[in-house]
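Visitor: how does the following fold in three dimensions:
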Amino acid sequence: MRRLLVCVFALLLALVSANPSATAADGRPYTNPLKSSKGADPWLEYYDGNYYLVTTTFTGILGIRKSPTLAGLATAPNVQVWSDTTSTRNTNIWAPELHFLDGHWYLYYSAGQSGVACCDSQRTHVLESAGTDPMGPYTYKNTLTGSNLTPSGWLIDASVLQHDGSLYLVGSGFVNGSTQSLVIAPMSNPYTLASNTFTVISSPTLSWETSGGAVNEGPEPLYHDGRTFLTYSASFCATADYKLGQLELTGSDPLNPASWTKKQTPVFQRSDANGVYGPGHNGFFTSPDGTENWIVYHANSAANGGCGNGRTTRAQEFTWNADGTPNFGTPVALGTSLPGPSGETAATPTSYTLVNRNSGKCLDLNNGSTADGANIFQWTCTGGSNQKWRIEDLADDTNRLVNVATGKVADVADCSSADGADIRQWSWLNNKCQRFRLVFTAGGDYVRLVNESTGKVADVADCSTANGADVRQWTWLNNNCQQWRLVPTT
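Guide: As a prediction, the model looks like this:
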């Protein structure tokens, strides 16, 4: 009998060993914020091994951060994927969202008219990607508005609701003089409305929806076990009481206001104990292994933080109540170390190498010299710290390139605007000659490094493939010698 029990135990042990727990290991540790400036109205997607984060800019430029780990978003470079010079839509870009529909990425956002006082000119716009890369390139597709929206088509915070194989645009606006409400219209495709008339599905009528102003905005769909929820932001964004409410689609027709049931209490709100104020305008994403649900949102660290660039991007896992509704919990304090989303396998990047598309060689600081004026050129990639760069977001749509070996930055010599002016290392002077916009140029993470002072780009002299070939600035020629691939390093 003892021998039989031993055999049974051994068999059970073998079965357990062969069938480990389905629960995946925690992801890489992270702390909030994920974006410490220009972090308002965040939207976050996990796609094909990377997270993509896009936020409000208050300019005519859209930038995306990309990282293989959630933690890495905090130090990922800001890469410009869209810039608009059309005067009717080239300022105050708010609340961008990425949606993958019909084999393309669509970037929805609201923007205003140049030279017009904020913010009556805000309209909703949509871009379409050329392929399946969330970075683009993008082309402008359409303005999405309604004849019954006042003033003159004002619509912000648009998102896409999917129900029974149909698409609907949900957003925030005023219909025939209503308070700022959640509105909906049917779509015939991802960039076209099937009707230019919007219907109100929620207005701010409850006391917690009217702090500082009566507002319903930022509708975000959430699907679970066959049910459709719509979270939204309530009250005025400048108050500490900006918070999330929730609707559920309890009827069959999303266009019928009676099909939506509003929860009478907030679902996510301030935590004075944790120093979190005005949490709102959220999005949702799932962990890399698909087993966890996460919320991304913005918040302030002071009760008087306001509606500007001081709002930071934060994320945390959420769960589900026994009745099938989401439980978002309490917003966590900044600086709290948390396990990242399950299924992350990559290391968190701490710096980047920049590899020239033409030569395959790396942007290199000559011998890792600490001297101001030390030359920057290309060299065979060695993995040395003199070839590693921290690309630090400066909160104005630009970045500085900080050499890991020296802590000094890439600089255009003497702030010259001439073709051929040297790009060298220099101590940080906080001027435009040391600021670069990383502009997405082609698939494979290729960008051009555009100097903010001159508008010219980092270029390998004469398209040389030799070690030591100088890197200088030059007018953009759209050739491979002026394109650099961002490669994460640790």
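Visitor: so what does residue 386 have for phi and psi?
Guide: Per-residue torsions, residue 386: phi -70, psi -10 (degrees, to the nearest 10).
Visitor: residue contacts, it?
Guide: Residue 386 is in contact with 364-368, 403-406, counting by C-beta atoms under 8 Å, 6 or more residues apart in numbering. For the C-beta atoms, the positions are set from N, CA and C on the backbone; glycine is no exception.
Visitor: how near is it to residue 317?
Guide: In this view, residue 386 and residue 317 are 39 Å apart by C-beta to C-beta, to the nearest Å.
Visitor: among the contacts of residue 386, which are in helices?
Guide: Members of these lying in helices (criterion: DSSP state H): none.
Visitor: quickly note the distance from residue 84 to residue 422.
Guide: Residue 84 sits 32 Å away from residue 422, taking C-beta to C-beta as the criterion.
Visitor: mind listing what's buried along stretch 292-307?
Guide: Residues of stretch 292-307 classed as buried by neighbour count (16 or more other C-beta atoms under 10 Å): 292-301, 305.
Visitor: in this structure residue 128 contacts residue 102, no?
Guide: No. Using C-beta atoms under 8 Å, residue 128 is not in contact with residue 102, being 9.5 Å away.
Visitor: neighbour-wise, which of those two wins?
Guide: A direct count of neighbours by other C-beta atoms under 10 Å for residue 128 and residue 102 places residue 128 higher, at 19 against 10.
Visitor: and residue 351, how many neighbours does it have?
Guide: 18.
Visitor: now do residue 259
Guide: Using other C-beta under 10 Å, residue 259 has 17 other residues around it.
Visitor: swap in residue 25?
Guide: Residues contacting residue 25 under the criterion other C-beta under 10 Å number 11.
Visitor: separation between it and residue 296?
Guide: Separation of residue 25 from residue 296 (C-beta to C-beta): 22 Å.
Visitor: cool, and residue 78?
Guide: For residue 78, the distance to residue 296 (C-beta to C-beta) stands at 17 Å.
Visitor: ditto for residue 87
Guide: The gap separating residue 87 from residue 296 is 32 Å, by C-beta to C-beta.
Visitor: cool, residue 467 as well?
Guide: Distance of residue 467 to residue 296, given as C-beta to C-beta: 43 Å.
Visitor: now, which of the contacts of residue 386 sits nearest residue 265?
Guide: residue 404 (49.3 Å; C-beta to C-beta).
Visitor: pretty sure the closest one contacts residue 391?
Guide: No. With contacts counted by C-beta under 8 Å, residue 404 stays clear of residue 391, the gap being 10.9 Å.
Visitor: find residues that contact each of the two.
Guide: With C-beta under 8 Å, 6+ apart as the test, residue 404 and residue 391 both reach residue 351.
Visitor: these two: which has the busier surroundings?
Guide: Comparing residue 404 with residue 391 by other C-beta under 10 Å, the one with more neighbours is residue 391, at 22 against 19.
Visitor: contacts for stretch 335-343?
Guide: 23-32, 46, 69-71, 286-292, 294, 316-317, 332.
Visitor: buried ones in it, by neighbour count?
Guide: 338, 340-343.
Visitor: quick one: which of the residues you listed sit in strands?
Guide: Among these, DSSP state E puts 338, 340 in strands.
Visitor: of the buried residues of stretch 335-343, just say which sits nearest to residue 136.
Guide: So of those, ranked by how close each gets to residue 136 (C-beta to C-beta), first place is residue 341, at 24.7 Å.
Visitor: what's the closest non-adjacent residue to the closest one?
Guide: residue 287 (3.5 Å; C-beta to C-beta, 6 or more residues apart in numbering).
Visitor: wait, isn't that neighbour in contact with residue 27?
Guide: Yes. With contact defined as C-beta under 8 Å, residue 287 counts as touching residue 27 (7.0 Å).
Visitor: looking at these two, which one has more neighbours?
Guide: Comparing residue 287 with residue 27 by other C-beta under 10 Å, the one with more neighbours is residue 27, at 23 against 20.
Visitor: which residues touch residue 424?
Guide: Counting by C-beta under 8 Å, 6+ apart, residue 424 has contacts 373-376, 410-411, 413.
Visitor: closest one of those to residue 438?
Guide: Checking the contacts of residue 424 one by one against residue 438 (C-beta to C-beta), the nearest turns out to be residue 410, at 11.8 Å.
Visitor: show the pLDDT at that closest one.
Guide: Residue 410 is assigned 98 on the pLDDT scale.
Visitor: and for residue 18?
Guide: pLDDT, residue 18: 37.
Visitor: point out the ones among the buried residues of stretch 292-307 that are inside strands.
Guide: The members of the buried residues of stretch 292-307 that map onto strands under DSSP E are 293-300.
Visitor: what residues are up against residue 31?
Guide: 71, 74, 334-338.
Visitor: try it again at 6 Å.
Guide: Residue 31 sits next to 335, 337 when contact means C-beta atoms under 6 Å, 6 or more residues apart in numbering.
Visitor: any stretches of this structure with poor pLDDT?
Guide: 1-24 (pLDDT under 70).
Visitor: all helices for this structure, in order.
Guide: Here the chain has its helices, by DSSP H, at 2-18.
Visitor: quick one on the thing from earlier: relative to residue 480, which of the ones in strands among the buried residues of stretch 292-307 is nearest.
Guide: Looking across these and measuring by C-beta to C-beta, the closest to residue 480 is residue 296, at 35.7 Å.
Visitor: for that closest one, list the residues it contacts.
Guide: Contacts of residue 296 (C-beta under 6 Å, 6+ apart): 42, 44, 283, 315.
Visitor: the spatially closest residue to residue 172 that is not a sequence neighbour: neighbouring residues, count only.
Guide: Closest residue to residue 172 apart from its sequence neighbours, by C-beta to C-beta, 6+ apart: residue 217 at 3.7 Å. Per other C-beta under 10 Å, the neighbour tally for residue 217 reads 24.
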